[in-house]
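Chemist: Below are the sequence and a predicted model; questions follow.
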Protein chains: 2
Amino acid sequence: MDFEIYLMIDIQQATQIVLDHSRFLGNEKIALIESIGRVLQEDLKADRDFPPFTRVTMDGISIPYQSFAEGLRTFPIEALQAAGMAQKTLQNSRNCMEVMTGAILPQNTDTVIRYEDLSIEEGKAKIVIDAIKHRQNAHQQGTDRQKGDLIVPKGRGMSSAEIAVASTIGKSFIEVSRLPKVVIVSTGDELVEVNETPLPHQIRKSNVYSLQSSLLQWGIAAETRHLPDDKELIRRELLQYLKEFEVIILSGGVSKGKLDFVPEVLEELKVEKLFHKVAQRPGKPFWFGKTADNSTHIFALPGNPVSSFMCLYRYFHPWLRKSLGLSPFKKEWAVLKSDFHFRPALTYFLQVKLEFGEDARLWAVPVEGKGSGDLANLVDADGFLELPKERNDFQKGEVFPLMRYRI
Amino acid sequence: MDFEIYLMIDIQQATQIVLDHSRFLGNEKIALIESIGRVLQEDLKADRDFPPFTRVTMDGISIPYQSFAEGLRTFPIEALQAAGMAQKTLQNSRNCMEVMTGAILPQNTDTVIRYEDLSIEEGKAKIVIDAIKHRQNAHQQGTDRQKGDLIVPKGRGMSSAEIAVASTIGKSFIEVSRLPKVVIVSTGDELVEVNETPLPHQIRKSNVYSLQSSLLQWGIAAETRHLPDDKELIRRELLQYLKEFEVIILSGGVSKGKLDFVPEVLEELKVEKLFHKVAQRPGKPFWFGKTADNSTHIFALPGNPVSSFMCLYRYFHPWLRKSLGLSPFKKEWAVLKSDFHFRPALTYFLQVKLEFGEDARLWAVPVEGKGSGDLANLVDADGFLELPKERNDFQKGEVFPLMRYRI
């Protein structure tokens, strides 16, 4: 019997503690074009009406609708109003202006007829359709948004759409949340560098690189370090990292092993433990803490590759989102595509391959793998399905929360 | 009556033509950590077994199972086998080795009992549970993958999971598809720079920046240029771009206006037109072509912000995916959340806000906006729902293809 399970916090508690300890790091001003994926920290408001002038939306002619209503069909062309030209004025209401898409609508005209509905000969445009609408093909000033309107609220993740709006209102630089300074630390004497040839009992580092690349997608260029299984060295190095970095992500050294010095050393260094161990698989030995002055947060992840990977996506990413001032993930769900069983009283994060059904549902096909050491299995899956610890049997067709790591 | 519609190709034909003219640009070798989001161009194979040795997965002791089967419960600890140590050998089968997670399993032992199931006193470990399994807590060499096995096939998009595998097999540099050299070109005399104050009839550039930022997400650092409405200048500049770039993305100048010189000049420059105009809204005037020697592909997008945005995601991104050797998008679908009507015989790309239902379905809420000039509306939506041109009435609850631009 595993009594330890009953002493552990569950994933809901762990999530709450992690989120309760998010940390806003202030703003920085960056070039707009570099802001994709960053979190906006100023409200984007319309500096002018949207559109700023009544804008021609079709190439053709503009007329006063009244002349058409009075029966007029043929209009001598008085002048050309192209995009980028200052507004012209139609002098004679029985004439028309030739107008181009993007141009300001000429004064004394209100309605645009496109070339397709005209025949033009000898400087005269003849309308060849029976019905036109007052103000057609003219995008009226201020109808999308009005000067001063809030267009994008602070806290929004910047996509190409927000970049378009920011450009239009003249933001060549923009306030976004500053990203934390992060170090990713591998531990364990069995690890060698990627470019080295391991001895039979050694393996190459992989966690630090998968974690580092995942952070790169947020724009965070994390540094990496390695700690051997030497308590004194670990103490000295961690002390240094606590001074240098705002987030320390450790991989390994948090379990019950004789050489798992990380929790012990962190406590000796007066780092406040917020929890150690979560009722989940993979990732049970996950340790989370912070310094008393909130200057550094420490995510000490288990060293197994699937465990550290899962914990990063399940705990660090939401912490980061909240710290950056971004709204929480839109929770996603998927349908289990075949029966599944799991006995221990732990939340099980099942690796799944996703299928997009033509019923607009997301289907999750279990690709279980051979445990938390089986990193090759991660490349065959797209995400983790969260199976609650209160149950052991999960039926095909049931819906569970989904956490994706691949789009 | 709009006869032009019947002469236009539909979106299926346009998509097919675009994809038929994809262009593979060869490989390049880059540092592994920079490969996130890139497309793998070599097979990743296991250089050793996965795991490379039978690996201890719990901290505790290892024993020969046979001794337990014979009734033995208390085992003097002979030595410690930690991670990173060369393999040791248990000398006496009635003893045990103390073992740490990540260590190679000591010779003459086959079964690991974790600390939680032991009591240790005076150098002797006593097993305090009744049943253990042969080979438990030992991840057997080669059980995940065997040396030489294909783990990640070429053509895969690199996520953090693939980075982990590549690290493990020693790839500090990796072959990926080379990215195209792209220029994004705005046209139109009404445009001023983002840091300028527009006159009443002018607007700031926005399309080039939203397109540029969207390409940045693929790792493409596109250059930008601007062309005024001057045919000679357009000819001279385009001639230069055709020499310098592999992809030219133009925004504007492709419609029927008197100053819409782009299609004309491209044809004068012997660029082969593959199509002009697609039966869709927005984006009807979209022009696509290439040089005779396939050295440059030209996506001439309509200048309205919603049109150029939609066409980039709907045509350029799939072209890029195929050109990079990536599998096509997994097609996504969403359920229309309210009735919608659209009269013209055009495929309508409806802007929608997405909701993730607890039924694992994706729901699309129409946020229609005020036409293709309404760029502010893009920030209120997450994607486009593709409504077929053969129909005019779309009912709540029906499922349609979805194209997202925001995750």
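Modeler: Ah, there it is. Numbering: from 1, shown residues only, chains lettered A, B, ... in the order given.
Chemist: all helices in the stretch 251-400 of chain A, in order from the N-terminus.
Modeler: If you assign secondary structure with DSSP state H, counting those that start in this stretch, the helices in the stretch 251-400 of chain A sit at A:262-268, A:305-311, A:317-323.
Chemist: Would you tell me which of those gets closest to B:K124?
Modeler: With respect to B:K124, and counting by C-beta to C-beta, the nearest of the helices of the stretch 251-400 of chain A is helix A:262-268 at 24.7 Å. Quick note: C-beta positions are derived from backbone N, CA and C, even for glycine.
Chemist: and that closest one, does that touch chain B?
Modeler: No: using C-beta under 8 Å from any C-beta of the partner chain, no contact is recorded between helix A:262-268 and chain B, whose separation bottoms out at 12.9 Å.
Chemist: So which bits of the stretch 251-400 of chain A are right by chain B?
Modeler: That would be A:252, A:255-260, A:303-305, A:309, A:330-335, A:354-363, A:369-379, A:381, A:399, which are the residues of the stretch 251-400 of chain A within reach of chain B (C-beta under 8 Å from any C-beta).
Chemist: Now do the same contact list for the residue lying closest to A:L362 once chain neighbours are set aside.
Modeler: Take A:L362 and drop its neighbours on the chain: the residue closest to it by C-beta to C-beta, 6 or more residues apart in numbering or on different chains is A:A334, 4.4 Å away. By C-beta atoms under 8 Å, 6 or more residues apart in numbering or on different chains, the contact set of A:A334 is A:V352, A:L354, A:R361, A:L362, A:W363, A:A364, A:G383, A:L385, A:V399, A:F400, A:L402, B:A360.
Chemist: rerun at 7 Å
Modeler: Under the criterion of C-beta atoms under 7 Å, 6 or more residues apart in numbering or on different chains, the contact list for A:A334 reads A:V352, A:L354, A:L362, A:W363, A:A364, A:L385, A:F400, A:L402, B:A360.
Chemist: Report how many residues lie close to the residue in the stretch 301-407 of chain A positioned nearest to chain B.
Modeler: With C-beta to the nearest C-beta as the measure, A:L378 is the residue of the stretch 301-407 of chain A nearest to chain B, at 3.8 Å. A:L378: 25 surrounding residues under other C-beta atoms under 10 Å in any protein chain shown.
Chemist: Read off the pLDDT value for it.
Modeler: At A:L378, the model reports a pLDDT of 96.
Chemist: Touching, it and A:V306? I think so.
Modeler: Yes: counting by C-beta atoms under 7 Å, A:L378 does reach A:V306; the two are 6.3 Å apart.
Chemist: so what sits against both of these two?
Modeler: Common neighbours of A:L378 and A:V306 (criterion: C-beta under 7 Å, 6+ apart): none identified.
Chemist: where's the residue lying farthest from the centre of chain A relative to chain B, distance?
Modeler: The outermost residue of chain A, judged by C-alpha distance from the chain's mean C-alpha position using C-alpha atoms, centre = their mean, is A:E122 at 57.0 Å. As defined by C-beta to the nearest C-beta, to the nearest Å, A:E122 lies at a distance of 17 Å from chain B.
Chemist: Also A:L269?
Modeler: 23 Å.
Chemist: Around that residue, how many other residues sit close by?
Modeler: Around A:L269 sit 15 other residues, with neighbours defined as other C-beta under 10 Å.
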